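In: Kindly generate the corresponding structure for this input.
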Amino acid sequence: MFILIAGGLAAGAAFLINRWVFEAMGDRSIYLFTPIVEEFLKTGLALLLATPIILTHLVFGLIEGAYDLITAPKKQISAAIISVISHLFFGSATVALANNFNIFIAVFVSILLHASWNGLVVKLASRRKLRKLS
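Out: Numbers count the residues shown, from 1 in each chain. You can find the predicted model right below:
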């Protein structure tokens with residue numbers, strides 16, 4: 001039960017914070033700020049509520065995936081699946097690094113992984129937009 005609360009709170013708080021920052025920073029926030037917010041919220045709430053980190057990340061990914069499915073222009077299921085898989089990957093990386101090093105290194109590296117992933121997604125999306133315009 002606390003897993004759902006931790007993942008749900010992280011997703012809700014991230015949605016509000018990320019939306020506010022996106023309005024101020026634009027696309028740059030997606031790879032500069034969003035990963036910091038999301039990784040701290042997912043892992044921090046998992047630790048605070050004593051829930052498994054990986055399952056909290058999974059719940060977050062499922063919520064984000066559901067949001068993607070509902071809001072995607074073409075209702076693409078691929079965006080939803082990628083959300084779930086990517087957050088499960090970030091959670092797995094966090095757990096593996098925390099077990100082998102410490103939680104601070106784990107969160108830092110998961111932020112870098114998440115930022116790299118988001119940067120790639122933004123770059124691919126902008127290329128796709130340019131192709132449609134030409």
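In: Would you mind finding the longest helix in the chain?
Out: helix 103-133 (DSSP state H).
In: Could you check how far that helix is from the centre of its chain?
Out: Centre-to-centre, helix 103-133 and its host chain are 10 Å apart (CA atoms, centre = their mean, to the nearest Å).
In: mind listing what's buried in that helix?
Out: 103, 106-111, 113-115, 117-119 (16 or more other CB atoms under 10 Å). All C-beta spots, glycine's among them, are computed from the backbone N, C-alpha and C.
In: Format these as CSV; extra columns: pLDDT and distance to Ala50.
Out: As requested, the buried residues of helix 103-133 are exported to CSV (pLDDT from 0 to 100; distance: CB to CB, whole Å):
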residue, pLDDT, distance to Ala50
Ile103, 98, 14
Ala106, 98, 17
Val107, 98, 17
Phe108, 98, 22
Val109, 98, 23
Ser110, 98, 19
Ile111, 98, 22
Leu113, 98, 24
His114, 98, 23
Ala115, 97, 28
Trp117, 96, 28
Asn118, 95, 29
Gly119, 94, 33
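In: ok, which pair from those is furthest apart?
Out: Greatest spatial distance in the buried residues of helix 103-133: Ile103 and Gly119, 24.2 Å, computed using CB to CB.
In: which SS state does Cys50 fall under?
Out: For residue 50 the amino acid is Ala, not Cys. What DSSP: H, G, I helix; E, B strand; the rest coil gives for Ala50 is coil.
In: Which residues does the helix or strand encompassing Leu45 contact?
Out: Using DSSP states H and E, Leu45 falls within helix 34-48. The contact list for helix 34-48 (CB atoms under 8 Å, 6 or more residues apart in numbering) reads 6-7, 9-10, 13-14, 17-18, 21-22, 51-53, 55-57, 60, 87, 90-91, 94, 103, 106-107, 110-112, 114-115, 118.
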